[in-house]
Each structure stands twice: as C-alpha cells, then as structure tokens.
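Here's my sequence, what's the structure:
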Amino acid sequence: MKTYYTFSDVFLIPQITNCRSRSSLDTSSKIGNISLDVPVISSNMDTITGPEMAIAMFESGGVGALHRFVSTAQAVEDFKKVKSAGADCFVSLGVNTDDIQRAVALHRAGARHFIIDIAHGHSTMMRHMLKVMRNTFGFGEDIYIVAGNVATPEAVSDLSAWGADCVKVGIGGGSCCSTRVITGHGVPMFSCLLECAEAADRAGVEIIADGGIKTSGDAVKALATGADFIMAGSMFSGTPETPGEVISTGGNEYKVFRGMASVSAMVDRNNREIEDLPVGEGVKTTVLLKSPVSNIVRDLQAGIRSGMSYMGAEKLSDMPIVSKWGVQTSSGHFEGTPHILNIES
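Numbers count the residues shown, from 1 in each chain. Model prediction:
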C-alpha cells in the first residue's frame, strides 16, 4: 500500500521570483468557450448554485454550475435567466433516460457546457451517458462536457476515452461529504490530483479539483498539482447569491449548506420519507451569512496570485512545472497557521 496525502500534509517550497507586482500575474484561463479571470467554478449543489449565483460568478470572473435537482422546465428557465443577464454557465445532468431529454431541451435553449455529475463517475452508466451525449451532439468546439466524480488515473483515462473533455476529480473530500465515513472509499486530494493530472495530460483532457479546498492556499496547491480548475462549495456557502432563504436567529443570519447525498437533500428531491431512502453520504448545516461572492472570488484570486509569486510562476500553466513540494508533520501544519489564536489566556 502507498501513503496518500491531502493538502494539509504537504507544503510548497518558495522559489526565486521575477515578480514585481502580484497583480501582473496571469490567473486567466478558458473552459470550453467560457473565458475566466480566475479558474474557479461554484459547485453544482442546490444550496450553492442557482441562476443568481451563476450570474454573480460570471460577473466576478469565474463560472457557476447550475445544479440538476429541478425539473427540466425549471432547468431551462434557470439557464435562460443566466443567459438573459449576459452571462454563461454549466448545466448539470445525471445518467438516467430523462437526463438525455433534459440535455436536448437545454441544448435547444442554447446550453453548450454540460456537467454529467454522479457520485461514482467511473461507471458503465457514465460510459453510456457520455456515448449518448456524443452521438446526440457530436464533438468539436460547439459542446464541452465535464464528467465525474472520480478519484483514480484509470478513471480519468476511461472517461476521456468515453468522450469527456474534462474530468471532475475528488471523492469524499467535500466539507459536507461523508462518503469516506459511510463507505470507506475515497482518495486524499493532493495525491489523488497528482496521479489524475498525469493521466489527464496523457489523455489530453482537463481536470477540475472538486473537494477539500478550504482556503486560497489549498487552491494554490490544487493548481500546482496540475489541476486546470477548482470547484468550491463551502467557500461560497452563506453568500447572499446562494439559493435559499436567510435564517435569522439569536441576532445572527444564516443560510443552509448541505451535501447532495445528505438525507435532507434526498428527502426534498425525492418527496419520500426518511425510512424509504438509502443511507446518506452527506450532512446538512447552517453557515453565517457572508459577504457577496464577488468579494470571495477577488480574495481567492489575490491568494492564488500570491502563491504564484512565491513559486515564481507568471501564469497558471507554469505552476505544476516550477512547484517544489515537501511533506510535513501535524506540528508543521500547526506551525503554519495563526496559532496564537489557539492559546488561552
């Protein structure tokens, strides 16, 4: 057995830099036909990305991924709302027969960027869905398909061969995901991304790091492994643009944040009693209301640029090339945090 590491287990070693101003460092990229100022995607969760969030993400330089837990008619309406605001976004699909009908309806409405999103993406159902999508819509620059989630280089290679342009990588690393607790499966994100990025390079596809990114430093590490983009959920939870009502209690304001495999989410979308559902692989919580998403994307971009300056990278594609890594102990990780805040007076 090998030892696998997550973001807090490793650190980046500072390198010589030619940077005179961090604002000059280039964090721009392109996913499909969508140009990004920052390589960040808001997660396709029902408490993270609806049309308002997708519009705000686009206007802030990132991109949103509309969740799929609405009717086809509502999905089309949500997408049209985003487009009418002069923005663009990803739309999400599952792998069932009605998801093909949903894809056709969204395509007719103008959607060209899709995410086929299931918990265990390395499956024959995913293979079938990708092949049907390609048979229906073809290949080329007119359509861009993300598929996931997976956690192995073999899965990246397979999804690429089946027709994915980009693979979403990460199983069990999300802040409200309990897949590893319930099933014992999942791969720590740093090692997972390193292996999957190598496979993606060989296959000629892009990858999205999805899960475990709590800070801009984690985003820097994810991009330095070779991930092309990051997807964030908890980072954007509680922003005014997320779906759901503001909950006022005890003088504070909150919003709900939950995993899409949580019992709460399954009850809402299946209209069934808890006793009739499978075991949940996610949790539900509330988070304090945050500042607008534009502030979070701005701070994330600033953190990525700072990380680039420390490693001597002038653009995103430099990061995996110039990065140098070390493995740290738990004491080393603790040392790297503002630990005076943990000392009781």
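
Quick check: the gap between the closest residue to Pro188 other than its chain neighbours and Gly174.
Leaving out its chain neighbours, the residue that sits closest to Pro188 by CB to CB, 6 or more residues apart in numbering is Thr6, at 3.9 Å. Where you see a C-beta, it was placed from the backbone N, CA and C, and this is true even at glycine. Distance, Thr6 to Gly174, using CB to CB, to the nearest Å: 12 Å.

The residue nearest to Pro188 against Gly170, yeah?
No. Counting by CB atoms under 8 Å, no contact exists between Thr6 and Gly170, whose distance comes to 10.8 Å.

Now do the shared contacts for those two.
Contact criterion CB atoms under 8 Å, 6 or more residues apart in numbering; residues shared by Thr6 and Gly170: Met189, Gly212.

out of the two, which sits in the more crowded spot?
Gly170 (28 against 18; other CB atoms under 10 Å).

these two touch, right, the more buried one and Ile213?
No. Using CB under 8 Å as the test, Gly170 is too far from Ile213 to be in contact (9.0 Å).

Pull up the overlap in contacts between these two.
Common neighbours of Gly170 and Ile213 (criterion: CB under 8 Å, 6+ apart): Met189, Met231.

after the longest helix belonging to the chain, next one along is what?
Across the chain, the longest stretch assigned as helix under DSSP state H is helix 293-311. Per DSSP states H and E, helix 293-311 leads on to helix 319-322 as the next helix or strand towards the C-terminus.

That next one packs against which elements?
Where contact means 3 or more CB pairs under 8 Å, 6 or more residues apart in numbering; DSSP states H and E, helix 319-322 is packed against helix 216-225, helix 293-311.

what pLDDT does the residue nearest to Pro188 get?
Listed pLDDT for Thr6 reads 96.

For it, give its distance to Thr183.
To Thr183, Thr6 is 18 Å away according to CB to CB.

Can you show me the CA trace of the longest helix of the chain as PDB?
Extracted C-alpha coordinates of helix 293-311, given in PDB (Å, rounded to 0.1, in the frame of the first residue of the first chain):
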ATOM      1  CA  VAL A 293     -19.500  36.200  -3.900                       C
ATOM      2  CA  SER A 294     -17.600  38.900  -5.800                       C
ATOM      3  CA  ASN A 295     -15.500  39.600  -2.600                       C
ATOM      4  CA  ILE A 296     -14.700  35.900  -2.200                       C
ATOM      5  CA  VAL A 297     -13.600  35.400  -5.800                       C
ATOM      6  CA  ARG A 298     -11.500  38.600  -5.500                       C
ATOM      7  CA  ASP A 299      -9.800  37.300  -2.400                       C
ATOM      8  CA  LEU A 300      -9.300  33.900  -4.000                       C
ATOM      9  CA  GLN A 301      -7.600  35.400  -7.000                       C
ATOM     10  CA  ALA A 302      -5.400  37.500  -4.700                       C
ATOM     11  CA  GLY A 303      -4.400  34.400  -2.800                       C
ATOM     12  CA  ILE A 304      -3.600  32.500  -6.000                       C
ATOM     13  CA  ARG A 305      -1.500  35.300  -7.300                       C
ATOM     14  CA  SER A 306       0.400  35.500  -4.000                       C
ATOM     15  CA  GLY A 307       1.000  31.700  -4.300                       C
ATOM     16  CA  MET A 308       2.300  32.200  -7.800                       C
ATOM     17  CA  SER A 309       4.700  34.900  -6.700                       C
ATOM     18  CA  TYR A 310       6.200  32.600  -4.100                       C
ATOM     19  CA  MET A 311       6.900  29.800  -6.600                       C
END
